[in-house]
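**Student:** Take this sequence and fold it.
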Amino acid sequence: MSQDNPDIRQQVDANRGFQKKLELMVPGLRGYRTLEDIRASDGMLRNQVADKLDMTKANLEGLRKQMATAGDYTNLTSVGSLISQVQQLGGEVRHAQQGYSGWVSTIAINEDKLNKLYEYDYGFVSSAVQLQTLTTSPSLVYDTTSPNSVQTVLSSVSSAVADFKQKWAVRMEAIENILVK
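**Tutor:** Okay, the predicted model is just below:
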């Protein structure tokens, strides 16, 4: 990750309190603490991505409002469909299964597998950033004098949504492969 986008795992490691540092020193707790920290990093990352999807949805809702106010109903169905898809993806990302690494868990997850999963995240994070960028001015500007000009941008947003879905599906497939014993 770049300096502008630090690895959240490093931030979680740096913010360990005294108790967590002590747990890392106890042989039976070290692995548990490490997995929990990676899991916390994953949850933080997914929440940030879901926030970007929420902003994307809000941008599309603003566009829909502009179109309705202008009396342009030709593209409302397309915008409404995109809003629905982005809202669904946001919920999936925010509330996705994390797994559990307890002492007597039924699901075997190790640090290498969790780190590998985290590496998949770069793809869907980049995709979420692209979606937000496409739905923010100056990329998405509604021109009341030329309502059909928005169709090109809506097509790009639709492609970006499809790209995000694909990257999210790859990540979920990785999770399913990790979670199966």
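**Student:** same for the longest helix along the chain, what does it pack against?
**Tutor:** In the chain, assigned by DSSP state H, the helix with the most residues is helix 27-69. In this structure, helix 27-69 packs against helix 8-14, helix 18-25, helix 76-94, helix 111-134, helix 150-179, with contacts taken as 3 or more CB pairs under 8 Å, 6 or more residues apart in numbering; DSSP states H and E. Where C-beta positions appear, they are placed from N, C-alpha and C, glycine not excepted.
**Student:** relative to helix 150-179, how tilted is it?
**Tutor:** On the basis of axes from the mean of the first three to the mean of the last three CA atoms, to 10 degrees, helix 27-69 is oriented at 160 degrees to helix 150-179.
**Student:** now helix 27-69 and helix 111-134, what's the angle there?
**Tutor:** 20 degrees.
**Student:** quick one: average pLDDT of helix 27-69?
**Tutor:** Helix 27-69 shows a mean pLDDT of 82.
**Student:** Is Tyr73 within a helix or a strand, and which one?
**Tutor:** For Tyr73, there is no host helix or strand (DSSP states H and E).
**Student:** Nearest residue to it in space, please, no chain neighbours.
**Tutor:** Leaving aside its chain neighbours, Tyr73 sits nearest to Met67 (7.3 Å; criterion: CB to CB, 6 or more residues apart in numbering).
**Student:** I'd say the one you found and Thr77 touch.
**Tutor:** No: contact criterion CB atoms under 8 Å: Met67 and Thr77 do not qualify, at 10.7 Å.
**Student:** who's more crowded, those two?
**Tutor:** Met67 (20 against 9; other CB atoms under 10 Å).
**Student:** Please name the residues that touch that one.
**Tutor:** Tyr73, Asn75, Leu76, Val79, Tyr142, Pro147, Val150 (CB atoms under 8 Å, 6 or more residues apart in numbering).
**Student:** what residues does stretch 137-150 touch?
**Tutor:** Contacts for stretch 137-150 (CB under 8 Å, 6+ apart): Asn59, Leu63, Gln66, Met67, Ala70, Asp72, Thr74, Asn75, Thr133, Leu134, Val153, Val157.
**Student:** so where's this structure shaky on pLDDT?
**Tutor:** The chain contains residues with pLDDT under 70 at 1-38, 97-111, 113-118, 175-181.
**Student:** one step back: do you know how far the residue nearest to Tyr73 is from Lys57?
**Tutor:** 15 Å (CB to CB, to the nearest Å).
**Student:** Same question for Thr145.
**Tutor:** 26 Å.
**Student:** out of those two, which sits in the busier spot?
**Tutor:** A count of neighbours by other CB under 10 Å puts Lys57 above the other of Thr145 and Lys57, at 22 against 6.
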